[in-house]
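*Asks:* how would this look folded up:
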Amino acid sequence: MTTVGSLARFRADVEAVVEADPAAKSRLEVLLCYPGLHAVWAHVLTHALWEDGERLLARIVSQLVRWLTGVEIHPGAELGDRVVIDHGMGVVIGETAVVGDDVHMYHGVTLGGADKRPVKRHPTVGDGVTIGADATLLGDIEIGDGAKVGAGAVVTSDVEPGATMIGVPAERVDRDAEDPEVATPDDTTNGGDAETADDDPIGDGAATSNDTEE
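*Replies:* Numbering: from 1, shown residues only. Below is the predicted model:
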């Protein structure tokens, strides 16, 4: 992870948004108008404060950022490089969450806790993961590199690298002809047919929100 104040990190974050969002017309627009990017940058500061023992100050700043951007990232969470929070509003990332590099998440995503004890209780998200709008990931689970979580999905167990998960509870729906154990859209119980499931399960579609512990 890049050090605080690294100009290279800020440039890379802007480029990641430009590449991920076709609505971005210029880098200046991204710099000025993308609250998800501002929240990620503010987290660089709050996480540094947290690690330095200034935990109350870190929380105060993080709550101010939440008010300004609609994105709540606990200062204790660990974020990798080039994390894109698209639209941003309603995203909650809990204290012990770990988010890898090149992760793209949409509005309403929750990386929530499922344990009342002060332990590792939030998800670990691998590199290159995409998380659709209003998806909820709960507990000390691992989301493998390159996985995709569909809009509105609820994930409570580990996800293999490269898998596509949709539904409540989430089930794997990507095809793998060489592995009969991997579910196809025809095998799932998400209420839709295979053709619909294959269209675009990831993205910023609306879905039911879930109350979770930060």
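*Asks:* residues in contact with the longest helix anywhere in the chain?
*Replies:* When the chain is parsed with DSSP state H, its longest helix is helix 35-51. The contact list for helix 35-51 (C-beta atoms under 8 Å, 6 or more residues apart in numbering) reads 4-5, 9-10, 13-14, 17, 30-31, 55, 57-59, 61-62, 65, 68-71, 73, 75-79, 83-89, 91. (Each C-beta comes from the backbone N, C-alpha and C, glycine too.)
*Asks:* Just the buried residues out of these, in ChimeraX syntax.
*Replies:* To isolate the buried ones among these in ChimeraX, judged by 16 or more other C-beta atoms under 10 Å, type:
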select :9,10,13,14,17,30,58,59,61,62,65,69,70,71,73,75,76,77,79,83,84,85,86,87,88,91
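*Asks:* Let's see which of the contacts of helix 35-51 end up in strands.
*Replies:* Judged by DSSP state E, the subset of the contacts of helix 35-51 located in strands is 73, 78-79, 84-85.
*Asks:* Taking those together, which two end up most distant?
*Replies:* Using C-beta to C-beta, these span at most 16.4 Å, a distance reached by 78 and 84.
*Asks:* The residue nearest to the spatial centre of the chain and residue 60, how far apart?
*Replies:* What sits nearest the mean C-alpha location of the chain, by C-alpha atoms, centre = their mean, is residue 105, with 4.2 Å. Counting by C-beta to C-beta, to the nearest Å, the gap from residue 105 to residue 60 is 25 Å.
*Asks:* again, but for residue 82
*Replies:* From residue 82 to residue 60 the distance is 27 Å (C-beta to C-beta).
*Asks:* Which one's more surrounded, these two?
*Replies:* Neighbours per residue (other C-beta atoms under 10 Å) separate residue 82 from residue 60, with residue 82 holding more: 23 against 14.
*Asks:* Residue 100 is in contact with that one, correct?
*Replies:* No. Here residue 82 does not reach residue 100: they are 9.8 Å apart, not a contact under C-beta atoms under 8 Å.
*Asks:* Count the residues that sit near residue 33.
*Replies:* 12.
*Asks:* Also residue 67?
*Replies:* Residue 67: 9 surrounding residues under other C-beta under 10 Å.
*Asks:* now it: how far from residue 6?
*Replies:* On the measure of C-beta to C-beta, residue 67 and residue 6 end up 26 Å apart.
*Asks:* likewise residue 83?
*Replies:* 14 Å.
*Asks:* Show me the shaky parts of this structure.
*Replies:* 1-5, 175-214 (pLDDT under 70).
*Asks:* quick one: the closest residue to residue 86 other than its chain neighbours from residue 155, how far?
*Replies:* Leaving out its chain neighbours, the residue that sits closest to residue 86 by C-beta to C-beta, 6 or more residues apart in numbering is residue 106, at 4.8 Å. Using C-beta to C-beta, residue 106 is found at 15 Å from residue 155.
*Asks:* quick one: the helices in the chain?
*Replies:* 7-20, 27-33, 35-51, 55-69, 194-199.
*Asks:* mind checking which of these is nearest residue 125?
*Replies:* The closest of the helices of the chain to residue 125 is helix 35-51. By C-beta to C-beta, the value is 13.8 Å.
*Asks:* Would you mark the buried spots in that closest one?
*Replies:* Within helix 35-51, the residues that count as buried by 16+ other C-beta under 10 Å are 35-40, 42-47, 49-50.
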